[in-house]
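Novice: I need the structure of the sequence given here:
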Amino acid sequence: MAAQFEDEKPGRVLAGPAALLLGTVALAVGALALWQVFRPLAQGSKYYLIIFLAGVLPLVFLAYPADLPRWARPRRPRRATDRTDQAASTERTDSTARTASTRPTVADWLLAALTVAACLYPVLPIRIGTGGGGYNAFLDRQGLLAPTDLVLGTVLLLLLLEACRRTTGWILPAVCLLFLGYGYYGGLLPQSWPVAHAGLDFGQLVDAFYNSDSGFYGTPLDVAASYIVLFTIYGAVLELSGAGRFFVDLSAAAFRRSRTAAGRTAVASGLLLGTVSGSGAATTVSIGAVTWPLLRRAGYPPERAGGMLAAAGVGAILSPPTLGAAAFIIAEYLGVSYLQVLGWATVPTVLYYLGILLSVEIDARRSGVRPVVLDVGSPWRLLGRFGYHFASLIAIIVLLAVGVSATRAVVFAIVLTAALSWLDRTHRLTPARLVTALVTGVRGVLAVTAVCAAAGIITATTTKTGLGPQAAALLIGGAKAATSDPTLVLVLTALLAAVALSLLGLAVPVTASFVIGWVIVGPALLDLGVAAPAAAMFVFYFAVLSEVSPPTALAAVAAAAVTGGRLVPTMWQTLRYALPAYLTPIAFVITPAGLGLLGIGGVPRIAFAAVVTALSVAVLAVAAGGWLPGVGPAGVPERVLGALGGVTLLWLEPVPVGVGVALAAVAAAGVLVRRGSTGRPRTPTEVRPRTPTEEKL
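Specialist: The predicted structure follows:
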């Protein structure tokens with residue numbers, strides 16, 4: 001389970017010369033990324049980004065098939081033997097398809113070569129007409145591109161769109177083309193429209209993409225090349241050292257005597273694996289492969305188990321110290337240290353997993369899952385033998401705390417992990433395995449590099465046209481049309497922003513969703529006085545939650561593939577488990593006390609915000625699950641009151657908190673009255689004609 005930072009379509013399993021070339025180039029890119037940490041290239045960071053993109057982007061066309069629609073695929077002539085023996089034909093066709101899927105086509109090789117040329121053109125010291133001439137000459141032509149610059153910039157634009165299509169699907173390229181069309185045709189819109197602008201010609205757009213600091217080589221790509229690639233390498237090294245299996249075993253050992261051991265193990269595994277994985281779907285598959293047999297033995301239906309696994313897996317993008325790619329972009333956009341972003345994410349992560357764990361406990365009592373005895377050793381013995389796997393995670397936090405940069409901290413963590421791996425004979429990181437980890441880590445960043453470079457189309461267009469402030473004014477204007485009260489305007493704007501971000505997240509990956517959301521929704525929140533950390537984390541959370549939002553819900557799709565459950569019910573179960581996470585970010589922005597959830601504002605504010613929000617999460621979990629632990633089932637009136645109380649508690653002010661507590665108390669009293677009127681409710685296991693059996697794994 002190498003760390004990945006963008007959920008992506010399946011790639012090829014390469015063999016032969018293609019595999020050798022990809023491994024060689026990936027090894028060189030990984031070595032360059034490590035070298036750049038301590039000995040940055042003298043020409044500057046943009047020069048490094050050009051070299052990095054030239055090394056990574058061509059690999060996308062070798063590692064990912066075109067996956068064209070059936071009508072667009074070339075027809076292959078049928079041989080005579082195929083017509084005489086249909087059974088043999090079918091077998092040979094299947095075998096050929098499997099073999100072809102591991103080999104790049106001629107078109108793939110041509111696209112890869114063209115990508116190398118388009119990416120390296122700005123730094124090649126070769127004159128091509130009025131263009132070329134090296135890096136400095138290329139920069140000097142900013143705003144006045146030569147025809148060659150324009151041609152190769154257009155080629156790179158098209159190649160990036162194709163790379164995104166291959167790795168993430170059709171929607172992100174369509175969104176990029178929408179922004180491109182807006183930049184080109186926006187001048188034709190009626191000038192009375194809020195989103196109208198003066199208009200840009202195609203040369204201006206290509207110049208903004210290809211030869212500015214906000215285009216292809218902007219902050220998103222800088223984050224991918226400077227941070228994310230190092231963390232993917234770190235994740236691969238940690239996995240090869242045996243840490244992934246240790247985290248799952250430790251989770252199982254910690255809860256082996258619990259009645260809800262299977263569910264708790266899945267949640268804890270998601271939290272621990274999430275510390276080194278930036279991908280919700282990848283973490284879901286990893287924990288599902290190990291814990292789904294436990295959940296099945298305990299009696300969980302496939303859909304409910306899948307929902308639990310997906311919700312726990314998505315927490316990987318929220319869990320310090322290795323958050324998703326968007327977290328690194330937050331640090332760059334706001335000009336803060338990555339340690340500060342980790343601090344902002346800590347309390348929300350705990351609350352997120354608290355909500356899932358409470359839902360697991362409620363489901364266990366409501367559905368009567370069977371106890372499962374886990375045949376694992378003592379957690380203390382596991383910690384004593386393999387606890388060193390936590391050392392590198394702790395080292396990252398400590399190094400960040402003492403002022404070491406995030407890039408250097410993760411490199412030191414890689415070295416520490418490699419050294420400690422020799423304590424386990426079966427997982428020693430020999431030089432050959434270190435090379436494998438380096439190549440695996442770089443391959444894991446292919447998709448996110450394409451996405452981050454393509455995000456430059458969005459950011460450059462927004463910057464050139466002034467779309468951000470215009471969209472912010474439109475959003476705030478919509479809220480003011482409903483009310484003039486400043487507080488209600490902020491609440492309505494936050495709700496409208498949440499809906500917009502959720503819909504956006506259905507269409508594009510998390511990183512692109514955050515970039516688009518920040519340039520459009522971010523200014524609206526900032527204009528209303530919301531603190532920058534709260535606004536950024538608000539956008540970040542709703543970008544992440546797209547992974548569990550129907551009808552796309554990539555993590556739920558991955559979970560259904562593991563459990564074999566029906567897809568749509570699995571999505572709705574995932575949504576139920578993650579429900580509190582949709583409401584908690586609202587608390588970040590609607591009151592100043594919400595900053596306490598981000599660890600800002602002193603101990604009293606942080607403690608107040610954390611305790612009240614934890615109570616809100618608990619009440620919402622009871623309302624969603626329909627069961628009050630220790631008491632019994634909750635009826636519809638109690639669940640409605642509980643839901644209202646839980647939502648009210650998120651308004652972190654004394655009066656709303658008092659009202660929320662009162663509503664929650666009335667709901668709990670209603671459950672007690674219901675229990676008293678019907679007698680002691682039988683638990684689902686008591687309905688069974690036999691005593692629950694314990695099954696050994």
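Novice: can you list the weak-confidence ranges in the stretch 151-300 of the chain?
Specialist: 256-259, 274-280 (pLDDT under 70).
Novice: now the strands for it?
Specialist: Under the criterion DSSP state E, counting those that start in this stretch, the stretch 151-300 of the chain contains no strands.
Novice: do the same with the chain
Specialist: 127-128, 131-132, 372-373, 627-628, 632-633, 695-696 (DSSP state E).
Novice: so which other helices or strands are in contact with the fifth one?
Specialist: Helices and strands touching strand 632-633, as assessed by 3 or more Cβ pairs under 8 Å, 6 or more residues apart in numbering; DSSP states H and E, comprise helix 654-678. In short, each C-beta sits where N, CA and C put it, glycine included.
Novice: check which residues of the helix it packs on are buried.
Specialist: By 16 or more other Cβ atoms under 10 Å, the buried positions in helix 654-678 come out as 656, 657, 660, 661, 663, 664, 667, 668, 670, 671, 674, 675.
Novice: next one: stretch 134-151
Specialist: The neighbour-count criterion (16+ other Cβ under 10 Å) identifies 135, 138, 141, 145, 146, 148, 149, 150, 151 as the buried residues of stretch 134-151.
Novice: distance from the chain centre to it, please.
Specialist: Counting by Cα atoms, centre = their mean, to the nearest Å, stretch 134-151 is centred 36 Å from the centre of its parent chain.
Novice: before we move on, back to that, will you turn the buried residues of helix 654-678 into JSON lines that also has pLDDT and distance to residue 223?
Specialist: JSON lines is the format used below for the buried residues of helix 654-678 (pLDDT from 0 to 100; distance: Cβ to Cβ, whole Å):
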{"residue": "656", "pLDDT": "91", "distance to residue 223": "38"}
{"residue": "657", "pLDDT": "92", "distance to residue 223": "38"}
{"residue": "660", "pLDDT": "92", "distance to residue 223": "39"}
{"residue": "661", "pLDDT": "94", "distance to residue 223": "42"}
{"residue": "663", "pLDDT": "93", "distance to residue 223": "43"}
{"residue": "664", "pLDDT": "91", "distance to residue 223": "41"}
{"residue": "667", "pLDDT": "90", "distance to residue 223": "45"}
{"residue": "668", "pLDDT": "90", "distance to residue 223": "46"}
{"residue": "670", "pLDDT": "88", "distance to residue 223": "50"}
{"residue": "671", "pLDDT": "86", "distance to residue 223": "48"}
{"residue": "674", "pLDDT": "77", "distance to residue 223": "53"}
{"residue": "675", "pLDDT": "75", "distance to residue 223": "53"}
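Novice: what's the closest of these to residue 462?
Specialist: residue 656 (35.8 Å; Cβ to Cβ).
Novice: coming back round to it: in CSV: the buried residues of helix 654-678, plus distance to residue 186.
Specialist: Shown next, in CSV, are those (distance: Cβ to Cβ, whole Å):
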residue, distance to residue 186
656, 42
657, 46
660, 45
661, 50
663, 48
664, 50
667, 51
668, 55
670, 56
671, 56
674, 59
675, 62
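Novice: these: which two are farthest apart?
Specialist: So, the buried residues of helix 654-678 by Cβ to Cβ: farthest apart are 656 and 675, at 28.9 Å.
Novice: ok, back up a step: and which of the buried residues of helix 654-678 is nearest to residue 620?
Specialist: residue 664 (9.8 Å).
Novice: so the closest one makes contact with residue 615?
Specialist: Yes - using Cβ atoms under 8 Å, residue 664 makes contact with residue 615 at a distance of 7.3 Å.
Novice: shared neighbours of the two, anything?
Specialist: Shared between the contact lists of residue 664 and residue 615 (criterion: Cβ atoms under 8 Å, 6 or more residues apart in numbering) are residues residue 649.
Novice: other residues contacting stretch 109-121?
Specialist: Against stretch 109-121 from outside (Cβ under 8 Å, 6+ apart): 50-51, 53-54, 57-59, 61-62, 104, 128, 132, 138, 148, 152-153, 155-156, 159, 162.
Novice: inside helices: which ones of those residues?
Specialist: Within the contacts of stretch 109-121, residues falling in helices by DSSP state H are 50-51, 53-54, 57-59, 61-62, 138, 148, 152-153, 155-156, 159, 162.
Novice: tell me where the stretch 201-350 of the chain has helices.
Specialist: 202-210, 219-223, 229-240, 243-254, 261-274, 280-298, 302-314, 325-334, 338-367 (DSSP state H, counting those that start in this stretch).
Novice: mind checking how far residue 191 is from residue 199?
Specialist: 10 Å (Cβ to Cβ, to the nearest Å).
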